[in-house]
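Peer 1: Just need the structure, nothing else, for what follows:
(2 chains)
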Amino acid sequence: ETGVTQSPTHLIKTRGQQVTLRCSSQSGHNTVSWYQQALGQGPQFIFQYYREEENGRGNFPPRFSGLQFPNYSSELNVNALELDDSALYLCAVQRGGYNEQFFGPGTRLTVL
Amino acid sequence: RKEVEQDPGPFNVPEGATVAFNCTYSNSASQSFFWYRQDCRKEPKLLMSVYSSGNEDGRFTAQLNRASQYISLLIRDSKLSDSATYLCVGLSYNTDKLIFGTGTRLQVFP
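Peer 2: As a prediction, this is how the structure comes out:
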């Protein structure tokens, strides 16, 4: 097991609402990345946090924001939800000398 | 052109068969490479990293050809439990972001 947990596992929201997703790692890895996976697609990089600072961002609008805490847990916040935000949201921690990333089980978000 | 491209399949093969997946990449996705396996409605799980000299892990062999910018995964003696989607992944320079292909679906039948 990766030791990466995410909460909640499932979530249903309506358009315009805001959502907060959480990620934590047993081993407290200092680099965490967030990905969005739409149905039938590969995961798309949202952003990465390293030691509580954003360290790279993908092609996502500002209404996607994040935080990393001193204990290296992390949050993904999405404001003004749109129908297309319905997806599996994955966080990943980085470890190993080869920059390998290990994923949590994901949060499945449905926007109605 | 997508940064990482792979044939979506599906590949339907009998147990015991050998199956190969290929994937091509652009320059932006070329620091390191990986194959991930993803079961239906689950998270991607790292299958193996891909080393420049090629590497093998049991029934799985990965190859990297930097001149032609493609990566391959060979699965020998397919098992029913190998049925899954296989994601070809590159690690970009500068941002350490993973760049995923859309995945190739494998179905192994008895």
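
Peer 1: Could you list the contact residues of chain B toward chain A?
Peer 2: Taking Cβ under 8 Å from any Cβ of the partner chain as the contact definition, chain B meets chain A at B:4, B:31-32, B:34, B:41-46, B:49, B:87, B:89, B:91, B:94-103. To be clear about C-beta, it is placed using only N, CA and C from the backbone, and glycine gets the same treatment.

Peer 1: Return the members of these classed as buried.
Peer 2: In the residues of chain B next to chain A, burial by neighbour count holds for B:4, B:32, B:34, B:43-44, B:46, B:49, B:87, B:89, B:91, B:95-103, counting by 16 or more other Cβ atoms under 10 Å in any protein chain shown.

Peer 1: In which helix or strand does the most centrally placed residue in chain A reside?
Peer 2: Centrality entry for chain A: nearest residue to the mean C-alpha point is A:W34, 3.3 Å, by Cα atoms, centre = their mean. Under the criterion of DSSP states H and E, A:W34 resides in strand A:31-37.

Peer 1: Using the three-state scheme, assign B:T95.
Peer 2: Secondary structure assignment for B:T95 (DSSP: H, G, I helix; E, B strand; the rest coil): coil.

Peer 1: who touches it in this structure?
Peer 2: Neighbouring residues of B:T95 by Cβ atoms under 8 Å, 6 or more residues apart in numbering or on different chains: A:45, A:48, A:55-56.

Peer 1: so B:Y86 touches B:F100, yeah?
Peer 2: No. Counting by Cβ atoms under 8 Å, B:Y86 stays clear of B:F100, with 11.0 Å between them.
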